[in-house]
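Asker: what's the 3D shape of this:
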Amino acid sequence: MLPEDPTEFLHTAMPFAALIGATAVAAGPDEVHLRLEWDPTRTTTAGMLHGGAIMALADTAGGWAAYLNLPETATGTATISSATNFMRPLVDGHVDAVARVLHKGRTTIVVDTELRDAKDRLVARVTQTQAVLT
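Answerer: Residues are numbered from 1 along each chain as shown. Have a look, this model is predicted:
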């Protein structure tokens, strides 16, 4: 069963998500959709959203997607690898992270996360492998 308030659930389950300002748009086994607003405290040179903030948002979305697809015997998940490709800078608005599971295995789950700006332009793409913890 999915939480009534997915952002509250996210912030309780992953306090770091609250620290970076991530909010939940939607969450389910097929797709996790998170958002991070551009803010000057999250930027680097020339007002660009810091790549680490984008990667953290993707890791959070991917981790939640993996968690929602764990086998019944699993106790949790942890990122064991992550590859990020940046396409364009984000200098205003927000970034949406949409994570989808590509592979569900007994020991690993592979997740693909697309990050898009408010104009639906691709900002980054992240592929990560999550360990299935038992």
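Asker: and V123, what does it touch?
Answerer: 54, 86-90, 95, 115-117 (CB atoms under 8 Å, 6 or more residues apart in numbering). (Glycine included, C-beta is placed from N, CA and C.)
Asker: mind listing what's buried along the helix or strand that contains V32?
Answerer: If you go by DSSP states H and E, V32 is part of strand 31-37. Neighbour counts over strand 31-37 (16 or more other CB atoms under 10 Å) mark 32-36 as buried.
Asker: partner strands of that strand and their direction?
Answerer: strand 23-28 (antiparallel), strand 94-104 (antiparallel) (DSSP bridges).
Asker: which PyMOL command selects the buried ones in the contacts of V123?
Answerer: In PyMOL syntax, the buried subset of the contacts of V123 is picked out as below (16+ other CB under 10 Å):
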select buried, resi 54+86+89+90+95+115+116+117
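Asker: in helices only, show me the contacts of V123.
Answerer: The helices, defined by DSSP state H, take in I54 from the contacts of V123.
Asker: need phi/psi at the residue of the chain most remote from its centre.
Answerer: Residue farthest from the centre of the chain, counting by CA atoms, centre = their mean, is A46 at 24.4 Å. A46 adopts backbone torsions of phi 60, psi 30, taken as degrees, to the nearest 10.
Asker: from R35, how far off is it?
Answerer: 22 Å (CB to CB, to the nearest Å).
Asker: go on, L68?
Answerer: L68 sits 18 Å away from R35, going by CB to CB.
Asker: what does H11 give?
Answerer: From H11 to R35 the distance is 13 Å (CB to CB).
Asker: next one: M48
Answerer: Per CB to CB, M48 is found 18 Å from R35.
Asker: can you pull out the strands in this structure?
Answerer: Secondary structure of the chain (DSSP state E): strands at 23-28, 31-37, 76-86, 94-104, 108-117, 122-133.
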